[in-house]
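**Student:** Mind folding the following:
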Amino acid sequence: MITAYLTHPDCSLHHMGPEHPENPQRLEAIRARLALSGLLQQTMQADAKEADDTALNRVHATRHLDALSKCLPEQGIVSLDGDTLMNPDSLKAARFAAGAVVKGVDQVFKRQADNVFCAVRPPGHHAEAAEAMGFCFYNNIAVGAAYARERYGAQRIAILDFDVHQCNGTIDIFKNDPDVLICTSFQYPFYPWRYLRSEWQNVVNTPLEVGTQGPEFRRLIESQWLPALHRFKPDLVMISAGFDAHRDDPMGDVCLADEDFYWVTHMAMEIATLYADNRLVSSLEGGYNPTSLASGVEAHLRALLGLPFALS
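**Tutor:** Take a look at the predicted model:
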C-alpha cells in the first residue's frame, strides 16, 4: 500500500493555553514515535494546503465562517465556549487541517496514494454546520467528503468515527443524506450530549458502556457497522480517527488498546478494497495522552501501510 502522510507546521501554531489537552505537543508526540519506529519514512510525506472558502462553505454556513473570523483575536486567547478557544493563528491552523483532507481526497482519486493519514489539528468532528465546539472549528472530514462529491462525483461516502466522543458535527451536516453513511462508536452517555439517540437512517450509532474493552468493541463493530457498510458499498471510505478511547487516555473511560485501532483500521481497509478501489482518507481527531496517542496512531498507520501489527 502507498500511504500518504499529510501535515503542516502551522497546525502547531494553534494553542488554547498551557493546560489545555488539545495542544501542539500531540502532533510532536506522533511524529517522534513514527520517526523512531521507521514508519514515517515508509509513507509519502507532504504538506497540507489551506482549505479555501469554497471548500468550507460546502458544509458550513457563511454566518458561521464570518462569526469565527470576527472572534479571532489580534493577540492572546479568546474563548468561544468552555472547551474551545482561539489564538491569532487558530483559523489558519484549522484551514490547513481541513485542507489536508481535501488534498488527501485528491491523492486517492488521482491514484497518487492508496490511502492517506492527515496528522492535523485542530480536530473537526464536533464542528456543526453553524457552530464550533469541542475543540473544533471546521469539520475537516465533512469538508473533504463534500469536496469528493463535488470534484470527483463520489456517490457513496462512508465516514467511520471511532473517537471516544460521538461525531455530532458530522451528523449535523449529513443527517438524512442517503449518499453518506456515518458509523460512529462512542462512550455513552457522554459529551456532546446531542444526537446520541438519533434515528437518522444514514447514521449507525454504536454506544459503548464505560469500561468497554476490545472484544466487545469488535463484536459491536462487526454486528452493526459491517452489515451497513456491505449494503452501502461505499466508493470512498473516510475515517475520523480518534484515539481517546484508548485505555490510557484521560478523556474517557473506554478501554481499547493499540491492537483494536489496528483491527478497526484493517476492517475499514477491507471495505475500501472491496468497494472503493482502496480509496481511504483518515484524519486525526482526539487522543490526549501523548504516549497512547502516538502508539495508537502507529497501529493505525501500520494497518494503512499493510504491515502486521507489532507490539513495541
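**Student:** how about the strands in the stretch 1-150 of the chain?
**Tutor:** In the stretch 1-150 of the chain, strands defined by DSSP state E, counting those that start in this stretch lie at 3-7, 44-47, 78-79, 85-86, 115-118, listed in chain order.
**Student:** Format the CA atom coordinates belonging to stretch 124-140 as CSV.
**Tutor:** Extracted as CSV, the C-alpha positions of stretch 124-140 are listed here (Å, rounded to 0.1, in the frame of the first residue of the first chain):
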residue,chain,number,x,y,z
GLY,A,124,-13.1,18.7,13.4
HIS,A,125,-15.8,16.1,14.1
HIS,A,126,-17.7,18.2,16.7
ALA,A,127,-17.9,21.3,14.4
GLU,A,128,-21.6,21.5,13.2
ALA,A,129,-22.8,23.4,10.2
ALA,A,130,-23.2,26.6,12.1
GLU,A,131,-21.4,26.0,15.4
ALA,A,132,-17.8,25.5,16.6
MET,A,133,-17.5,23.3,19.7
GLY,A,134,-15.5,20.5,21.4
PHE,A,135,-12.1,21.9,20.3
CYS,A,136,-13.3,22.0,16.6
PHE,A,137,-13.8,25.0,14.3
TYR,A,138,-14.3,23.4,10.8
ASN,A,139,-15.4,19.8,10.2
ASN,A,140,-12.3,18.5,8.5
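**Student:** Can you check the pLDDT for residue 22?
**Tutor:** Per-residue confidence (pLDDT) for residue 22: 98.
**Student:** distance of it from residue 87?
**Tutor:** From residue 22 across to residue 87, the span is 12 Å (C-beta to C-beta, to the nearest Å). Heads up, the C-betas are built off the backbone N, CA and C, glycines and all.
**Student:** Over to residue 48?
**Tutor:** If you measure residue 48 against residue 87 using C-beta to C-beta, the figure is 19 Å.
**Student:** Same drill for the two, tell me which one is more crowded.
**Tutor:** Taking other C-beta atoms under 10 Å, residue 48 and residue 87 do not tie; residue 48 has more neighbours (24 against 18).
**Student:** Dihedrals phi and psi, that one?
**Tutor:** The main-chain torsion angles of residue 48 are listed as degrees, to the nearest 10 and equal phi -70, psi 160.
**Student:** residues contacting it?
**Tutor:** Contact criterion C-beta atoms under 8 Å, 6 or more residues apart in numbering gives 6, 7, 8, 11, 96, 97, 99, 100, 103, 118, 120 as the residues in contact with residue 48.
**Student:** winner for burial among the strands of the stretch 1-150 of the chain?
**Tutor:** Ranked by average neighbour count under the criterion mean count of other C-beta atoms under 10 Å, the strands of the stretch 1-150 of the chain are headed by strand 115-118 at a mean of 30.
**Student:** Figure out how far that one is from the centre of its chain.
**Tutor:** In terms of C-alpha atoms, centre = their mean, to the nearest Å, the gap separating the centre of strand 115-118 from the centre of its chain is 10 Å.
**Student:** What strands flank it, and is each parallel or antiparallel?
**Tutor:** The strands that strand 115-118 pairs with in its sheet are strand 3-7 (parallel), strand 280-284 (parallel) (by DSSP bridges).
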